[in-house]
Structure formats: C-alpha cells, structure tokens
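Asks: predicted model follows, preceded by the sequence.
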Amino acid sequence: MKKHKILVLSGPNLNMLGKREVAIYGGDTLETIHERLHMLADELNVEVACSQHNSDAEIIELLGRAAGEFSGVIFNAGAYAHYCDALRGAIESSRLPCIEVHMSNIYSREEFRHKSVIAPVCAGCIMGFGGRSYLLALRAMRNIILDKEAEML
C-alpha cells in the first residue's frame, strides 16, 4: 500500500509558539508539535512534511508544487486565513484536500478573526484545541485520503 505524504504548513509567527501569547496558544513550541505529528504519522502509516513560513509568497510556491508530491495539506495560515485571497487561490489550484487549522477558537476572539477566506476551499476546519488541533487534523486528513482512495476502487 502506498504511504501517503501530507504537507503540514504553518504561517506567520507560528515559529514563535511557546513564547508569545501562551495564555491563548499554550506552551508547546512548533518543533514539539512537529515531533508529535511525526510520531502520529508513523502510527497512522502516513508521512508528514512540516514547514513554517512567514511569507505568503513562500507558502503559495509550496502549494503550487504540492500536487505532484502530496496527498493532502494541513494548513494553519495564522492571520493570513482572514485576508489573504492569494492563499485561497493557491489552495484551490492545488486540487488537494486541505484542512484549515487554528490553535485557538477563532469565534471566541476578536471579530476580525471570525471570517476565514480560505475556509470555502478547505475540506474542513479544526480549531480550539491548541497544538492538538494539528493532530486531530492529521487523523482527519488520513481518513479523507483513505475515503478518496476507496472511491477510486
């Protein structure tokens, strides 16, 4: 059976996890979250490639190349989720299933965070569970990929 590869993208300032706004995002660093993702990926028999970028241009480039290499995308776009239409276009153009992730519950925060421009082109959104949001998204993405694979049989 083919081992599916999932791209895990984190957007601006997520490299500062564990240092900034710990009351909102928790004390886990992004490196710790990536380690947990790799452990869970082994358990689920999938691969993950994790990266973080502060530039929307770099993220758009990665999404543009993702279709040939990955079976799905897990994406915490950070603040870009609320206003970056170019990322929405890149997700849509990739034609890969994408799960939007937020560590906090965006609806319990400032009004501007309540709208996501990328949500309409994502398979779903997981939010409010801190670093575990990424892990829940990995489980969900594996199921999306397996369901898609079963449909093709």
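Replies: Everything's here; your move.
Asks: for the residue nearest the centre of the chain, give me the pLDDT.
Replies: When CA atoms, centre = their mean is applied to the chain, the residue found nearest the centroid is F75 (2.0 Å). On pLDDT, F75 comes in at 98.
Asks: L17 too?
Replies: L17 is given a pLDDT of 91.
Asks: how about it, nearest residue that isn't a chain neighbour?
Replies: Of all residues not flanking L17 in the chain, L30 sits nearest, at 4.8 Å (CB to CB, 6 or more residues apart in numbering). Glycine gets a C-beta too; all of them are placed from N, C-alpha and C.
Asks: just to revisit the earlier point, which SS class is the residue nearest to the centre of the chain?
Replies: Three-state call for F75 (DSSP: H, G, I helix; E, B strand; the rest coil): strand.
Asks: burial count for the nearest residue to it once chain neighbours are set aside?
Replies: Spatial nearest neighbour of F75, chain neighbours left out: L9 (4.7 Å); criterion: CB to CB, 6+ apart. Around L9 there are 24 other residues, counting by other CB atoms under 10 Å.
Asks: quick one: contacts for A119?
Replies: Contacts for A119 were tallied using CB atoms under 8 Å, 6 or more residues apart in numbering; they are 81, 100, 125.
Asks: and which of these is nearest to E92?
Replies: Nearest to E92 among the contacts of A119 is E100, at 12.9 Å by CB to CB.
Asks: could you export the worst-scoring helix or strand of the chain on mean pLDDT as CSV, CA atoms only?
Replies: Ranking every helix and strand in the chain by mean pLDDT, DSSP states H and E puts helix 22-25 at the bottom, with a mean of 80. C-alpha atoms of helix 22-25 as CSV (Å, rounded to 0.1, in the frame of the first residue of the first chain):
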residue,chain,number,x,y,z
VAL,A,22,1.0,31.4,25.9
ALA,A,23,-2.4,32.0,27.5
ILE,A,24,-4.0,31.7,24.1
TYR,A,25,-1.8,29.2,22.2
